[in-house]
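S.K.: after the sequence you'll find the predicted model.
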Amino acid sequence: MLDVDCGPGHVAAYLADRVAVVGVDLSPEMCAHAAVPACAGDMTALPVRSQSVSALVCLYAVIHLDAAARAAAYAEFARVLKPGGQALVAFHVRDAQTAAGQARTLTAWWGDEVDLTFRFLDPDGEVRALAEAGLVVTARLDRAPDSRGSTRASGATCRRVPPATPAPGRNARTGA
């Protein structure tokens, strides 16, 4: 199992009681504090062999990427997953101030200066982007905000579908 953008490895640590798990995070500092083996890496260019992962989880990390970078990340997820491999991708949809399709940039967070953009994503658009990358959504959960006013979130469980193999004698690129 691969925990993409694992941060300090909270999710990976929970999963490690059940499956072998490795984390990847953009920040080497986060990897140093991860509760499981972790390495620094960008989710748009994962440091993982093709078709070597049975499952991956990416919780609320793609919200920091623009549409082109999300497409690249989804393509990477499909590349590293074994055929039939599973992915769980979760993201924020909206909150009280920000609608789906909009973004909010923070310059201060928890008392620190930051430059952090949160994109609130349209679930239907993300399902299409995942499918374009070769990840077919097998389940989707749209969560409403809780009584504390949390964000509305969506998650998709996907299965990697191998690209179609052309019939013998056909051109793999054109199908002719």
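M.R.: On my side now, so go ahead.
S.K.: now for the helix or strand that contains Cys39, which elements pack on it?
M.R.: Using DSSP states H and E, Cys39 falls within strand 38-40. On a contact count with 3 or more CB pairs under 8 Å, 6 or more residues apart in numbering; DSSP states H and E, strand 38-40 meets strand 22-25, helix 28-33. Using the backbone N, CA and C atoms, a C-beta is placed for each residue, glycine as well.
S.K.: which positions within that strand qualify as buried?
M.R.: Using 16 or more other CB atoms under 10 Å as the test for burial, strand 38-40 gives Ala38.
S.K.: one more: stretch 80-87?
M.R.: Neighbour-count burial for stretch 80-87, counted by 16+ other CB under 10 Å, picks out 80-81, 85-87.
S.K.: which stretches in this structure count as strands?
M.R.: Ranges of strands within the chain are 2-4, 22-25, 38-40, 53-59, 81-94, 103-109, 112-119, 135-143, 152-160, based on DSSP state E.
S.K.: who's in contact with the first one?
M.R.: It refers to strand 2-4. 9, 11-12, 15, 21-24, 36, 38, 43, 46, 48, 53, 55-58, 61, 73, 77, 80 (CB atoms under 8 Å, 6 or more residues apart in numbering).
S.K.: show me the contacts for the residue nearest the centre of the chain.
M.R.: Closest residue to the average C-alpha location of the chain: Cys58 at 3.8 Å, with CA atoms, centre = their mean. Taking CB under 8 Å, 6+ apart as the criterion, Cys58 is in contact with 3-5, 43, 73, 77, 87-90.
S.K.: distance-wise, check the closest residue to Met43 other than its chain neighbours relative to Leu141.
M.R.: Among residues not flanking Met43 along the chain, Ala73 sits closest, at 4.5 Å (CB to CB, 6 or more residues apart in numbering). Note on Ala73: its distance to Leu141, by CB to CB, to the nearest Å, is 20 Å.
S.K.: and the two? Which one has more around it.
M.R.: Ala73 (24 against 12; other CB atoms under 10 Å).
S.K.: quick one on the thing from earlier: the residue nearest to Met43 against Val62, yeah?
M.R.: Yes - with contact defined as CB atoms under 8 Å, Ala73 counts as touching Val62 (6.0 Å).
S.K.: okay, and the common contacts of the two?
M.R.: With CB under 8 Å, 6+ apart as the test, Ala73 and Val62 both reach Met43.
S.K.: returning to that earlier point: need the max-distance pair from the buried residues of stretch 80-87.
M.R.: Greatest spatial distance in these: Val80 and Gln86, 12.2 Å, computed using CB to CB.
S.K.: nice, that's everything, thank you.
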